[in-house]
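J.: sequence? don't have it. structure:
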């Protein structure tokens, strides 16, 4: 799922971060860091960014999640997608 593809961002300061981009709000990129914390990155501070072609979601997720829990996972993911669209992402 493209929602689970990380974006690597090189900042003007030289710092490099890997985040899950959620949305853009004007001149700010809203993302989630590796700790699950929402972060705001001013676009003017971004030197370069590249999006991974691989998802963090395991390709064999259907095989490793018990069948009884799979509908709950899918429901949760769909809820996140809807929330992102409503929130502007």
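T.: Okay, I see it. Just so it is clear, the structure is predicted and the values come from calculations on it, not from any experiment.
J.: drop to CA atoms for contacts and neighbour counts, all remaining ones
T.: OK.
J.: any idea of the mean pLDDT for the helix or strand harbouring residue 73?
T.: Element membership for residue 73, per DSSP states H and E: helix 70-86. With pLDDT averaged residue by residue, helix 70-86 scores 74.
J.: going forward, the N-terminal residue is numbered 500.
T.: Taking 500 as the first residue, the last one we looked at is helix 569-585.
J.: next, count neighbours for residue 560.
T.: Using other Cα atoms under 10 Å, residue 560 is surrounded by 11 other residues.
J.: from residue 512, how far off is it?
T.: Separation of residue 560 from residue 512 (Cα to Cα, to the nearest Å) stands at 37 Å.
J.: and for residue 561?
T.: The gap separating residue 561 from residue 512 is 41 Å, by Cα to Cα.
J.: secondary structure class of the residue of the chain most remote from its centre, three-state.
T.: Centroid-distance maximum for the chain: residue 567 at 25.9 Å, with Cα atoms, centre = their mean. Under DSSP: H, G, I helix; E, B strand; the rest coil, residue 567 falls in the coil class.
J.: show me the shaky parts of the chain.
T.: 500-502, 555-557, 580-588 (pLDDT under 70).
J.: strands of that one, start to end?
T.: Assigned by DSSP state E, the chain shows strands spanning 504-510, 515-524, 527-531, 537-541, 545-554.
J.: and those as JSON lines, adding distance to residue 573?
T.: Compiled in JSON lines, the strands of the chain are given as follows (distance: least, Cα to Cα, whole Å):
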{"stretch": "strand 504-510", "distance to residue 573": "17"}
{"stretch": "strand 515-524", "distance to residue 573": "18"}
{"stretch": "strand 527-531", "distance to residue 573": "20"}
{"stretch": "strand 537-541", "distance to residue 573": "22"}
{"stretch": "strand 545-554", "distance to residue 573": "16"}
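J.: so can I have JSON lines of those strands showing mean neighbour count?
T.: Below are those laid out as JSON lines (neighbours: other Cα atoms under 10 Å):
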{"stretch": "strand 504-510", "mean neighbour count": "19"}
{"stretch": "strand 515-524", "mean neighbour count": "18"}
{"stretch": "strand 527-531", "mean neighbour count": "18"}
{"stretch": "strand 537-541", "mean neighbour count": "16"}
{"stretch": "strand 545-554", "mean neighbour count": "13"}
